[in-house]
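Q: Here is the input, now give the coordinates:
(3 chains)
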Amino acid sequence: MDFSQVDTLVKALDVLATFVFALVGARVAADRGLDYGGITFIAAVASTTGGTLRNVALGIRPNWISNPWILGSIVLAVFITIVLRTTKPIGKFLLLMDTFGLAVAAISGAQIALFYKAPWYGAIVLGVITAIAGGLLRDLLCQVEPVVLHRETLATSSLIGASIFVLLEQTTLNHNWTALSGGIAVMAVRGISIYFDLHLPKLNKKN
Amino acid sequence: MDFSQVDTLVKALDVLATFVFALVGARVAADRGLDYGGITFIAAVASTTGGTLRNVALGIRPNWISNPWILGSIVLAVFITIVLRTTKPIGKFLLLMDTFGLAVAAISGAQIALFYKAPWYGAIVLGVITAIAGGLLRDLLCQVEPVVLHRETLATSSLIGASIFVLLEQTTLNHNWTALSGGIAVMAVRGISIYFDLHLPKLNKKN
Amino acid sequence: MDFSQVDTLVKALDVLATFVFALVGARVAADRGLDYGGITFIAAVASTTGGTLRNVALGIRPNWISNPWILGSIVLAVFITIVLRTTKPIGKFLLLMDTFGLAVAAISGAQIALFYKAPWYGAIVLGVITAIAGGLLRDLLCQVEPVVLHRETLATSSLIGASIFVLLEQTTLNHNWTALSGGIAVMAVRGISIYFDLHLPKLNKKN
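A: This is a model prediction of the structure:
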């Protein structure tokens, strides 16, 4: 079984999520004062790590080995970042893009996992990994505090969205509707949590 | 060849080591002031990274994709951590648990590697990786100094235990005895090194 | 398809690059004040991560599982580091060694990827990953600023060298000449960039 059997829409969404994550990654790297090489590197890592872990866990090759669109979308994202030369930190537009990428990655990740015969709980976990692993490694490499662990409900929103998608996939609902429902759930949970500054509780109040 | 062919005891021990590492991971994350989401995430990473690397290196899927007990034991460990609400740093009981997990992971890791036709030296290395990789990534993500590199003889004790196990497996000794011997060796070396505050020597005295 | 089908020269070069990266890794770890265990661990990680990621991405087992020379060369490098007891930071000789290792890893990485049917762009990326991933993880674990992101043109030189090699492989040129050309390109670009203190430009001048 080969990645080429996954349907075209899912592949296109995978490329789209890659592009968006590469844009955000390039921005974070530029903010950290990295040079063009570092920016390209961080953009590549941020945009491909999640999908790579998903594919390797499923026993298939990472997409960037044989899909030229993945590399192309990273190059384009870096090019745009360098040409625009904005020096502002991540703004509202990029945050929106990032949220959109998160939704696409969570759902397409879970979908690909189901396609490769992962059980429902495995598919949910792989959806979450696809959505958050790249941003986590980006923050680690840039030596900034990982966003996923501290400030935002990235993991929670992708977990809820991927769960809704996988759950609805067990019904007779049309596949496009289940994917759309899951994706909207990701964006809604993240949007609400950012807007109202909601967080999960902590164990130690002192921190 | 599939992970389902590994015998039941080894699988049960794998789940047990996962549970123990998740408990310790959740504790470390809570000490760092992470929220419930971060605690769950660190518990999952700390408890599954070693076995995941082992399986991927051997060319088989990580256990958590298709074994619901792995995810279940992580959820249970996080639940216990949150319900108990202890805010003390890792105590003697957890250190004992961690040492037990280290022994189980080192031996079951080497055993699974042998089962999948790794040569003796590959099995020893995979035993060590299974035992220490999760704790290392946990410390990196929590941005605390990695325990494995600095304070304790985690790697040394799992190396010695896994080596004894793999060596004895070449003999006609009963399999349960070889596994027990290796596991006791891990716990003995770590226990002795903690009790007497033993360390490997350093190269640069100035540090 | 198995790694044993890769030709002997490429395998020998793989071991050579491992040895060189292990020497540099052991030196960096000793400078950071790690004990013998930490030095061995960092030497192993620094020297095997690149090739491991390459193999896993290609769907084959990491070399260290079944090639005893890989582990042997790491043990030798650690032994030399400990016996020599030099406490100086990385000198000219090690920098030269490291550059040589970079060239060997970039070209052998791309070559192995081509052998396992990766397309040209995938082979270039895998050559770069083989060359730089170990040093990056080494720096992350030692908690020093990653060299690849900040100071030197490691990624650029391995990208240029791997690209030249993969390009020339499409011609009828003798294989040894294409490999040599790529390797010399890596060393030339890195040497020139270090000698003249060249860097890629940054986006934000303030940093």
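Q: what residues does chain A put near chain C?
A: When proximity is defined as C-beta under 8 Å from any C-beta of the partner chain, chain A approaches chain C at A:30-42, A:52, A:56, A:59-62, A:64-66, A:68, A:71, A:81-82, A:85, A:87, A:140-143. Glycine gets a C-beta too; all of them are placed from N, C-alpha and C.
Q: Pull out the buried positions in the helix or strand that contains A:Asp98.
A: Using DSSP states H and E, A:Asp98 sits within helix A:92-115. Buried residues in helix A:92-115, counted by 16 or more other C-beta atoms under 10 Å in any protein chain shown: A:94, A:97-115.
Q: Spatially central residue for chain A, please.
A: Note on chain A: the residue nearest the mean C-alpha position is A:Ala131, at 3.2 Å, using C-alpha atoms, centre = their mean.
Q: A:Ile192 against A:Leu198, yeah?
A: Yes - at 6.8 Å, A:Ile192 and A:Leu198 qualify as touching, with contact defined as C-beta atoms under 8 Å.
Q: Please verify my assumption that A:Gly161 contacts A:Ala179.
A: No - with contacts counted by C-beta under 8 Å, A:Gly161 stays clear of A:Ala179, the gap being 10.0 Å.
Q: Between these two, which contacts overlap?
A: Common contact partners of A:Gly161 and A:Ala179 (C-beta atoms under 8 Å, 6 or more residues apart in numbering or on different chains): A:Ile107.
Q: that older thread, so the helix or strand harbouring the residue nearest to the centre of chain A versus helix B:120-141, what angle?
A: Take DSSP H and E as the rule and A:Ala131 turns out to sit in helix A:120-141. Angle, helix A:120-141 to helix B:120-141, by axes from the mean of the first three to the mean of the last three C-alpha atoms, to 10 degrees: 70 degrees.
Q: Off-centre distance for helix A:120-141?
A: Mean C-alpha position of helix A:120-141 versus that of the full chain (C-alpha atoms, centre = their mean, to the nearest Å) differs by 7 Å.
Q: Just the buried residues of the residues of chain A next to chain C.
A: In the residues of chain A next to chain C, burial by neighbour count holds for A:30-42, A:52, A:56, A:59-62, A:64-66, A:71, A:81, A:140-142, counting by 16+ other C-beta under 10 Å.
Q: filter those down to the ones near chain B?
A: By C-beta under 8 Å from any C-beta, the members of those lying near chain B are A:56, A:59, A:140.
Q: dump the residue contacts of the second one.
A: Spelled out, that is A:Gly59. The contact partners of A:Gly59, by C-beta under 8 Å, 6+ apart, come to A:116, B:59-61, C:59.
Q: Keeping just the C-alphas, turn stretch A:45-53 into PDB.
A: Extracted C-alpha coordinates of stretch A:45-53, given in PDB (Å, rounded to 0.1, in the frame of the first residue of the first chain):
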ATOM      1  CA  VAL A  45      11.000  21.300   9.900                       C
ATOM      2  CA  ALA A  46       7.900  23.100  11.100                       C
ATOM      3  CA  SER A  47       5.900  22.100   8.100                       C
ATOM      4  CA  THR A  48       7.000  18.500   7.500                       C
ATOM      5  CA  THR A  49       7.700  17.000  11.000                       C
ATOM      6  CA  GLY A  50       4.100  16.200  11.800                       C
ATOM      7  CA  GLY A  51       3.300  14.400   8.500                       C
ATOM      8  CA  THR A  52       6.700  12.700   8.600                       C
ATOM      9  CA  LEU A  53       6.100  11.200  12.000                       C
END
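Q: quick one: average pLDDT of it?
A: Taken as a whole, stretch A:45-53 has an average pLDDT of 95.
Q: which residues are contacting it?
A: For stretch A:45-53, contacts defined as C-beta under 8 Å, 6+ apart pick out A:14, A:17-22, A:24-25, A:28, A:62-64, A:70, A:73-74, A:77, A:105, A:109, A:129-138, A:141, C:57.
Q: rewinding a little: using CSV, write out every CA atom in the helix holding A:Asp98.
A: The C-alpha trace of helix A:92-115 is given here as CSV (Å, rounded to 0.1, in the frame of the first residue of the first chain):
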residue,chain,number,x,y,z
LYS,A,92,-3.6,38.1,13.2
PHE,A,93,-3.4,36.9,9.6
LEU,A,94,-0.7,34.4,10.3
LEU,A,95,-2.5,33.2,13.5
LEU,A,96,-5.6,32.6,11.4
MET,A,97,-3.5,30.8,8.8
ASP,A,98,-1.9,28.7,11.6
THR,A,99,-5.3,27.8,13.0
PHE,A,100,-6.5,26.8,9.5
GLY,A,101,-3.3,24.7,9.0
LEU,A,102,-3.9,23.0,12.4
ALA,A,103,-7.5,22.0,11.3
VAL,A,104,-6.4,20.7,8.0
ALA,A,105,-3.4,18.7,9.4
ALA,A,106,-5.5,17.2,12.3
ILE,A,107,-8.2,16.0,9.9
SER,A,108,-6.0,14.8,7.0
GLY,A,109,-3.7,13.2,9.5
ALA,A,110,-6.5,11.2,11.1
GLN,A,111,-7.9,10.4,7.6
ILE,A,112,-4.6,9.0,6.3
ALA,A,113,-4.2,6.9,9.5
LEU,A,114,-7.7,5.4,9.0
PHE,A,115,-6.9,4.8,5.3
